[in-house]
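Undergrad: Turn this into a model:
(chains A and B)
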Amino acid sequence: GDSVTQMEGPVTLSEEAFLTINCTYTATGYPSLFWYVQYPGEGLQLLLKATKADDKGSNKGFEATYRKETTSFHLEKGSVQVSDSAVYFCALTPPGGKLIFGQGTELSVKP
Amino acid sequence: KAGVTQTPRYLIKTRGQQVTLSCSPISGHRSVSWYQQTPGQGLQFLFEYFSETQRNKGNFPGRFSGRQFSNSRSEMNVSTLELGDSALYLCASSLDGGRNQPQHFGDGTRLSIL
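TA: Next up is the predicted model:
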């Protein structure tokens, strides 16, 4: 069945460091891909999305490119801030609409 | 524009009881989905409602049920509660549940079973 695999956390970085969180997927058809972020005590917020191959989603300095050839959707940010500390979820929607999530990657950014 | 509202934020119940959680979607959104979040299993899809009809269902026992009203508000019910039902229950809405549409999440209801 369809699934999403993320790199395990927690990931600890210093402020202004470069961030990569790996995400690969298995899906039939052509899913849409998403990154969501969850801050402590809150629900999930959409960070960015891509709906077809080679699309690049971007928001708040974060970027991810839909790579169909490698079935990947890695999240990157050039310079992280303490306020980026949160749990990041990669997700896909196959035809049918429900979201399938990866296990989440906790990011901690130290000043 | 108001976001997705879930009530209550916290609930404490005992085994064997039942519970009803409520979700008000963003105005104009007709698709409402429910997810269970636990440390062990992560985020798992429960079901989706659209126009008062359950359109998709995840792999959960029949103790988990839901409904949607004509104003798109949704409720989720869990009967005969078990310790393993302790979780954060998240509701999400979108315009019509299309796969390209992002889902907008509420802050969740944290259910604790004693």
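Undergrad: Flag the shaky bits of the chain, pLDDT-wise.
TA: Just so you know, I chose chain A. The model of chain A has pLDDT under 70 over residues A:96-97.
Undergrad: look at chain B instead
TA: B:1.
Undergrad: what are the ranges of the strands in it?
TA: Counting by DSSP state E, chain B has strands at residues B:5-7, B:10-13, B:19-24, B:31-38, B:42-50, B:53-57, B:64-68, B:74-78, B:87-94, B:104-105, B:109-113.
Undergrad: which of these sits most buried?
TA: When you average the neighbours per residue for each of these (mean count of other C-beta atoms under 10 Å in any protein chain shown), strand B:87-94 leads with a mean of 25. The C-beta positions use only the backbone N, C-alpha and C, and glycine is treated the same way.
Undergrad: just the strands in chain A please.
TA: A:3-6, A:11-14, A:19-21, A:23-26, A:32-38, A:44-50, A:56-59, A:62-65, A:75-77, A:86-93, A:100-101, A:105-110.
Undergrad: could you dump the strands of chain B to JSON lines with distance to chain A?
TA: Formatted as JSON lines, those follow (distance: least, C-beta to the nearest C-beta, whole Å):
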{"stretch": "strand B:5-7", "distance to chain A": "8"}
{"stretch": "strand B:10-13", "distance to chain A": "11"}
{"stretch": "strand B:19-24", "distance to chain A": "11"}
{"stretch": "strand B:31-38", "distance to chain A": "7"}
{"stretch": "strand B:42-50", "distance to chain A": "4"}
{"stretch": "strand B:53-57", "distance to chain A": "5"}
{"stretch": "strand B:64-68", "distance to chain A": "14"}
{"stretch": "strand B:74-78", "distance to chain A": "15"}
{"stretch": "strand B:87-94", "distance to chain A": "6"}
{"stretch": "strand B:104-105", "distance to chain A": "4"}
{"stretch": "strand B:109-113", "distance to chain A": "9"}
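Undergrad: With respect to A:Arg67, which of those strands lies nearest?
TA: Proximity to A:Arg67 (C-beta to C-beta) singles out strand B:42-50 among those, at 23.1 Å.
Undergrad: which residues are in contact with the closest one?
TA: A:89, A:97-104, B:30-38, B:54-60, B:64, B:66-68, B:74, B:76, B:89-90, B:96-97 (C-beta atoms under 8 Å, 6 or more residues apart in numbering or on different chains).
Undergrad: Thank you, goodbye.
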